[in-house]
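> Need a 3D model of the following:
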Amino acid sequence: MTENEVATIVVDCAYQVHKALGPGLLESVYEVALAHELQKRRLSITRQQPIGVMYDSLTFDIGFRADIIVKDIVILELKSVETLLPVHKKQLLTYLRLTDRHLGLLINFGAAYIRDGIKRVVNGLE
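All right, here's what the predicted structure looks like:
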């Protein structure tokens, strides 16, 4: 399954969660619900995966935690805010670069319409 195929399923799952719960809840609630939807579709996921950062021959695991990684190829960064900021996309792009992955989805469950709250972030994806 390609990154784009996974992303299509993720978008549908995010829509289902947003339709059922609406905007305005804590990010952690959406994370649990989205993880459940993805697993119902038989997609393997990892939640709160620590990702190591290399600096000057040091490796430390306090760099960041990916909210959800789907099929070990797509990183999901979840938010529940009124407005996404440019820093949110930059953060996800950095996560993609650190993990050598190519596609991430920034999903803002705080948006009135989920279609307005999903942004693709790519790192060399063809």
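
> which helix of the chain spans the most residues?
When the chain is parsed with DSSP state H, its longest helix is helix 3-21.

> Pull out the buried residues from that one.
Across helix 3-21, burial judged by 16 or more other CB atoms under 10 Å covers 3, 6-7, 9-11, 13-14, 17-18. Using the backbone N, CA and C atoms, a C-beta is placed for each residue, glycine as well.

> Can you give the contact residues for it?
29-30, 33-34, 37-38, 41, 43, 70-71, 73-74, 76, 102-103, 105, 107, 109, 111, 114-115, 117-118, 120, 125 (CB atoms under 8 Å, 6 or more residues apart in numbering).

> Just the buried ones from these?
Judged by 16+ other CB under 10 Å, buried ones among the contacts of helix 3-21: 30, 33-34, 37-38, 43, 70-71, 73-74, 76, 102-103, 105, 107, 109, 111, 114, 117-118.

> Which ones among those residues map onto strands?
70, 74, 76, 103, 105, 107, 118 (DSSP state E).

> spatially speaking, which residue is in the middle of the chain?
Leu76 (0.9 Å; CA atoms, centre = their mean).

> what residues are up against that one?
10, 34, 66-70, 104-105, 107.

> Now do Phe109, the pLDDT please.
The model reports Phe109 with a pLDDT of 97.

> likewise Phe60?
Looking at Phe60, the pLDDT reads 81.

> and what of Lys19?
At Lys19, pLDDT is 97.

> Ok, Tyr113 next?
94.

> What separation do you get for it and Phe64?
Separation of Tyr113 from Phe64 (CB to CB, to the nearest Å): 28 Å.

> quick one on the thing from earlier: spatially nearest residue to the residue nearest to the centre of the chain, not counting backbone neighbours?
Ile68 (4.2 Å; CB to CB, 6 or more residues apart in numbering).

> so where's this protein shaky on pLDDT?
Across the chain, residues meeting the criterion (pLDDT under 70) sit at 63, 125-126.
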